[in-house]
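1. no sequence on this one, just coordinates:
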């Protein structure tokens, strides 16, 4: 069986091409390219003469059989306009079909705009989710906004320049104070990475009209911190717990768990409120303080 190579190509700077990618593209019989004109610039840079055929969103239905036939006869490489093929492009269907036919599918790793933006964003990278392009229609976009509103992981997405302001407006309305990073033209001459809040991003775009392809990195939802009880409520609850027979130690622990107060602060309040610690049942509380 033949091998389908998923070859990552530069997202801007042509020097990011790997040595292995150059070798494979030189040796295989056919390259399936999302845009043959864009890929030709890259191939010319590295003196690669391999035959190309187009494979993109608008011809994938008709071209799939042709490329699978070529794969039956020999190895094929798949490349996108830029970055790692299979991410927000028609590579997925070809991969599934190649696997179904028993061919080997392997990746030649390299540039990826989503990962590049994530690692320079300054937002958490230990857990993240890639959302591709947001929905275009208003109702679908509203449902999408509601769904990601509950997502605790960092969210990475793509957006075209002509739709960027519209998408950021929706994010700013839903999450005005949540952190957002706008990464544009990564690895290119006019690379820019803007960091701020969703509301701030909207102000930024009003004075810096979007140009080029953007990667957005959005902070995940943060767990709501319970509002701390006021001092009067803590005192009332202390009195209620003690009257019910709880030891001061247990009362302090239970109130700390519910009130947002630190346990030591609750204990200190026992002193300042005039409560005595002489009760023999509260030996553990005196040791806690010591």
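-> That came through fine. Because the structure is a prediction, the values reported are computed rather than measured.
2. List the buried residues in stretch 90-107.
-> Buried residues in stretch 90-107, defined by neighbour count with 16 or more other Cβ atoms under 10 Å: 90-91, 94-95, 97-98, 103, 105. Bear in mind the C-beta positions are built from the backbone N, C-alpha and C, glycine included.
3. cool, stretch 245-253 as well?
-> Residues 246-253 are the ones in stretch 245-253 that count as buried (16+ other Cβ under 10 Å).
4. In helices only, show me those.
-> Members of the buried residues of stretch 245-253 lying in helices (criterion: DSSP state H): 248-253.
5. if we can go back for a sec, closest to residue 230 among the buried residues of stretch 90-107?
-> Ranked by distance to residue 230 (Cβ to Cβ), these are led by residue 91 at 57.9 Å.
6. Any figure for the gap between the closest one and residue 167?
-> Distance, residue 91 to residue 167, by Cβ to Cβ, to the nearest Å: 24 Å.
7. what does stretch 66-79 rub up against?
-> Stretch 66-79 is contacted from outside by 2-7, 9, 24-25, 27-34, 39, 50, 53, 55, 85-86, 91, 94, 97-98, 101, 103, using Cβ atoms under 8 Å, 6 or more residues apart in numbering.
8. Of those, which belong to helices?
-> Short answer: the contacts of stretch 66-79 in helices (DSSP H) are 24-25, 27, 39, 91, 94, 97-98.
9. before we move on, back to that, of the contacts of stretch 66-79, buried ones?
-> Applying 16+ other Cβ under 10 Å to the contacts of stretch 66-79 flags 2-7, 9, 24-25, 28, 30-34, 39, 55, 85-86, 91, 94, 97-98, 103 as buried.
10. In TSV, list the ones in helices among the buried residues of stretch 245-253 along with pLDDT and distance to residue 154.
-> Shown next, in TSV, are those (pLDDT from 0 to 100; distance: Cβ to Cβ, whole Å):
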residue	pLDDT	distance to residue 154
248	83	44
249	83	41
250	85	40
251	85	40
252	86	38
253	85	35
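11. Near the closest residue to residue 124 other than its chain neighbours, how many residues? Count them for me, please.
-> Nearest residue to residue 124 in three dimensions, chain neighbours excluded: residue 154, at 5.2 Å (Cβ to Cβ, 6 or more residues apart in numbering). Residue 154 has 21 neighbours, counted by other Cβ atoms under 10 Å.
12. Quick check: residue 154 touching residue 130?
-> No: counting by Cβ atoms under 8 Å, no contact exists between residue 154 and residue 130, whose distance comes to 9.9 Å.
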